[in-house]
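> Sequence plus the predicted model coming up.
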Number of protein chains: 2
Amino acid sequence: MVVDKLDTTFAALSDPTRRALIERLTYGPASVHGLTEPFALSQQMISKHIAYLVRARIVIKTKRGRESVCTLRPEAIKTVSDWAIRYRRFWEERFDKLEVVVNQMKKEEKR
Amino acid sequence: MVVDKLDTTFAALSDPTRRALIERLTYGPASVHGLTEPFALSQQMISKHIAYLVRARIVIKTKRGRESVCTLRPEAIKTVSDWAIRYRRFWEERFDKLEVVVNQMKKEEKR
DNA sequence: CAGTTAATTACTGTACTAGTTAAATAGTAC
DNA sequence: GTACTATTTAACTAGTACAGTAATTAACTG
């Protein structure tokens, strides 16, 4: 079972449909019905995907009459960005150096 | 089956052990054996986790004698950062506005 | 060579998820 | 009230992915 917050967040993001739903929600909140239309998926499946995003706290759902309005929680995406940014210096500064190291290792491998 | 690159990348990152392995590898390349020591996991499991990271192209493995040296591919993390950064403006500019919207919706819900 | 070390692969069981169908719940319109 | 709409939930099938451990391969040491 998934416990860690980042676990569920990354797991939720590992699906293209869910990433597309996030993309769509950056244009503003939408009902499940409204989110279903652009996709070649049943409303039940969209509802499930939304449920995964809600579980990962990436989306908030609020009832409005018979509709469920889905709203993006941008903080969740920020969490992902913050995680990656920690390694920014690493990929910016050490990239050239690393390439040299890897090539060196490959060379030695051939011996 | 996972096809999309981001799919495998995010899936690989959805596990705390693998994220810890990445963290460890920022200090420099290491063998599977060297990576096993700090963790309360068998070498087989570490080897598997490394394999998942290799599949997601986050880590490169090169043979050196009987050892497998693992090296981080920082570009993979950059991919994640790039994905999240697309929404940066969204969470920075619209956060306050969104909170108002959500609170408004909650208020209307109570009626 | 035998013995040890490093790492992978193979096997088993479990958990998660995609996708569908059907039923249930609740709001809206007439 | 009935009919319709929006959504959720349950029940199911099937496929995939993973954890954990056992068995195996390959390389080094003396």
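Perfect, I can see it now. Numbering: from 1, shown residues only, chains lettered A, B, ... in the order given.
> The host helix or strand of residue A:33 close to chain B?
Per DSSP states H and E, residue A:33 falls inside helix A:32-36. No - judged by Cβ under 8 Å from any Cβ of the partner chain, helix A:32-36 makes no contact with chain B; its nearest approach is 14.8 Å. Yep, even glycine has a C-beta here, placed from its N, CA and C like the rest.
> mind listing what's buried in that helix?
A:32, A:35, A:36 (16 or more other Cβ atoms under 10 Å in any protein chain shown).
> Pull the contacting residues for the closest residue to the second one other than its chain neighbours.
Beyond its immediate neighbours in the sequence, the residue positioned closest to residue A:35 (Cβ to Cβ, 6 or more residues apart in numbering or on different chains) is residue A:46, lying 5.5 Å away. By Cβ atoms under 8 Å, 6 or more residues apart in numbering or on different chains, residue A:46 lies in contact with A:21, A:32, A:35, A:36, A:39.
> now, among these, which is nearest to chain B?
If you rank the contacts of residue A:46 by distance to chain B using Cβ to the nearest Cβ, residue A:21 comes first, at 12.9 Å.
> What residue in chain A comes nearest to DNA strand D?
In chain A, the residue that lies nearest DNA strand D is residue A:33 (2.4 Å; Cβ to the nearest atom of the strand).
> Pull the contacting residues for that residue.
Contacts for residue A:33 (Cβ under 8 Å, 6+ apart) come out as A:43, A:67.
> mind checking pLDDT for the residue nearest in space to the middle of chain A?
Centroid-nearest residue in chain A: residue A:13, 2.9 Å away (criterion: Cα atoms, centre = their mean). Here, the pLDDT recorded for residue A:13 equals 96.
> Grab the nearest non-local neighbour of it.
Nearest non-adjacent residue to residue A:13, counting by Cβ to Cβ, 6+ apart: residue B:10, 4.3 Å away.
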